[in-house]
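> what's the 3D shape of this:
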Amino acid sequence: MKKKFTILIPAMLDFHFPLLRYAFCSPDYEAVILDNDKNIAYTGLKYLHNDLCYPVILIAGQFISALESGKYDESSTALMIPQAGDACRGSNYIHMIRKALKLSGFGHIPIISLNFKGLEKQNTLKISIGMIRRGLAAVMFGDILMILRNQICAYEKHSGETEHKVEIWTERLKQGLLNGKLLSGRAMKKTFYAIAEDFSRIETVKTQKPVIGIVGELYVKYCRLGNADICQYLKNEGCGVYINGFSWYLLYYVDTHLAESGLVIGAGYKGIMKYLEKIQESMTDALVKNGFYCCEPFSIFKNNAAEYVSFGCDIADGWLIGAEIVNIYRSVCRKIACVQPFGCMPNHVFGKGIYSSLQRRLDGIMLSSIDFDSGSADVNLKNRLSMLINL
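Got it, this is the predicted structure:
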């Protein structure tokens, strides 16, 4: 990059990306999290086959719509997409998006791959230690804000108070990420307790509506664009929502994809895992001690699921889907919506493939499987959620 670039990043993690964007602070480029959502599925379908994974249709549509808007200088704009680098179709998004860009007249726009497996070496972004530290802190802070917001929002006595606190803390955390004051483990631990204590002061009212857990494919689970804003619908119905934090996926990914990378590199990743889990433990401790619920830290989380899932299933979300069901059942609630893009093979095999087994073995659990694609009917979504809410 010989001049300052604008890097466009698709909306994927609703709670985390507003903070994660500050991990990419650099004098050489500016990171922009896209928020355009009008007709992006239609735009994506103009250039991609409708049998493709639903998230790639939305992501491509969001990229192309943003470029068509004229807001960005094409000569100094790049796109960035994360890649897991495994056998999931998600690892091939970048090739599909390049095809869609070429067909739409934007084939000259570079796409940067964000991955830890050395993929796409011709289009890489230099990642510094500071960037990694800011990114990890942003993930942890995004987790606690998401968990707290989803638990309180539907029950608040004064409408809008929870969202207001989220906005206040997002601004404080943004400043701490930029000036580097919230990057150490000690600083994060102190901040977790301050956040949880502050949210515990929000007045709530009791309701008969249940808490609904949500598990499944990453994009559909964490992004409102992929799940028809399922959290807002459940909030409007007076239900609490629990979505497990992204840090559990991050630790799952290191555990299954990176920690076996060889003696030296693998040992390094195992060291990173221990560091991350220690911070995660501080976060879960802050939540529980202030009267909130969440899943156990990763090692206990994994051990809880050992009886129910095969850890050899590690493509895409793999065994994490079943493990989240088991741990949400144990620690949070018994009603769980399992969401996935239509035709997502890892979710159909590692998710749907064990739902019946889990329902037989976990007394009283209720699982409702919901597929999302460009043709999903709103009434089907509401019917399946209503089953969880009212039964």
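> give me the element Met80 is part of.
For Met80, the element it lies in under DSSP states H and E is strand 77-82.
> Past that strand, which element shows up next along the chain?
By DSSP H and E, the next helix or strand past strand 77-82 is helix 93-103.
> ok and that next one relative to strand 77-82, angle-wise?
Between the axes of helix 93-103 and strand 77-82, defined by axes from the mean of the first three to the mean of the last three CA atoms, to 10 degrees, the angle is 150 degrees.
> what pairs with the next helix-or-strand element following helix 93-103, and is each one parallel or antiparallel?
Sequence order places strand 111-114 as the next helix or strand after helix 93-103, per DSSP H and E. Strand pairing for strand 111-114, using DSSP bridges, gives strand 77-82 (parallel).
> Do me a favour and average the pLDDT over the strand it pairs with.
Averaging pLDDT along strand 77-82 gives 90.
> Compute the distance from the centre of that strand to the centre of its chain.
Its chain's average C-alpha position is 18 Å from that of strand 77-82, according to CA atoms, centre = their mean, to the nearest Å.
> likewise stretch 57-71?
Centroid separation between stretch 57-71 and its chain, computed with CA atoms, centre = their mean, is 21 Å.
> Same check on stretch 275-293?
Taking mean C-alpha positions (CA atoms, centre = their mean), stretch 275-293 and its chain are 18 Å apart.
> Would you indicate which residues of it are buried?
276-277, 279-287, 290, 292-293 (16 or more other CB atoms under 10 Å). Every C-beta, even on glycine, is put in place using the N, C-alpha and C of the backbone.
> about what we covered before: send the alpha carbons of the strand holding Met80 over as PDB?
Coordinates of each C-alpha in strand 77-82 appear next as PDB, following Å, rounded to 0.1, in the frame of the first residue of the first chain:
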ATOM      1  CA  THR A  77     -10.000   0.900  -1.200                       C
ATOM      2  CA  ALA A  78      -9.500  -2.700  -0.200                       C
ATOM      3  CA  LEU A  79     -11.800  -5.400   1.200                       C
ATOM      4  CA  MET A  80     -11.000  -7.700   4.000                       C
ATOM      5  CA  ILE A  81     -12.500 -11.100   4.900                       C
ATOM      6  CA  PRO A  82     -11.500 -13.600   7.600                       C
END
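> List the contacts of it.
1, 5-10, 12, 29, 31, 59, 63, 67, 93-94, 97, 101, 109-115, 125 (CB atoms under 8 Å, 6 or more residues apart in numbering).
> who's in contact with Asp198?
Taking CB under 8 Å, 6+ apart as the test, what Asp198 contacts is 165, 169.
> Can you get me a residue count around Ile129?
7 (other CB atoms under 10 Å).
> I'd assumed Met12 was in contact with Cys223.
Yes: look at Cys223 against Met12 with CB atoms under 8 Å: they come within range, at 5.4 Å.
> Mind checking which of the buried residues of stretch 275-293 land in helices?
In helices, defined here by DSSP state H, the members of those are 276-277, 279-287.
> Out of those, which is nearest to Pro18?
Pro18 has its nearest neighbour among those in Met283, at 17.8 Å by CB to CB.
> Is it correct that that closest one is in contact with Tyr193?
No: with contacts counted by CB under 8 Å, Met283 stays clear of Tyr193, the gap being 9.5 Å.
> what comes up buried for stretch 375-382?
Residues 376, 381 are the ones in stretch 375-382 that count as buried (16+ other CB under 10 Å).
> just stretch 23-36 next, same as before
23-24, 26, 29, 31-34, 36.
> can I get those in JSON lines with pLDDT?
Shown next, in JSON lines, are these (pLDDT from 0 to 100):
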{"residue": "Ala23", "pLDDT": "84"}
{"residue": "Phe24", "pLDDT": "79"}
{"residue": "Ser26", "pLDDT": "76"}
{"residue": "Tyr29", "pLDDT": "82"}
{"residue": "Ala31", "pLDDT": "88"}
{"residue": "Val32", "pLDDT": "92"}
{"residue": "Ile33", "pLDDT": "92"}
{"residue": "Leu34", "pLDDT": "94"}
{"residue": "Asn36", "pLDDT": "93"}
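> Contacts for stretch 270-281 next, please.
Counting by CB under 8 Å, 6+ apart, 136, 140, 185, 188-189, 245, 247-248, 250-251, 254-255, 259, 297-299 sit against stretch 270-281.
> Now do the helices in the stretch 251-391 of the chain.
263-289, 298-305, 320-331, 345-346, 353-361, 378-390 (DSSP state H, counting those that start in this stretch).
> Would you tell me which one of these is buried the most?
Ranked by mean neighbour count, those are led by helix 320-331 with a mean of 24 (mean count of other CB atoms under 10 Å).
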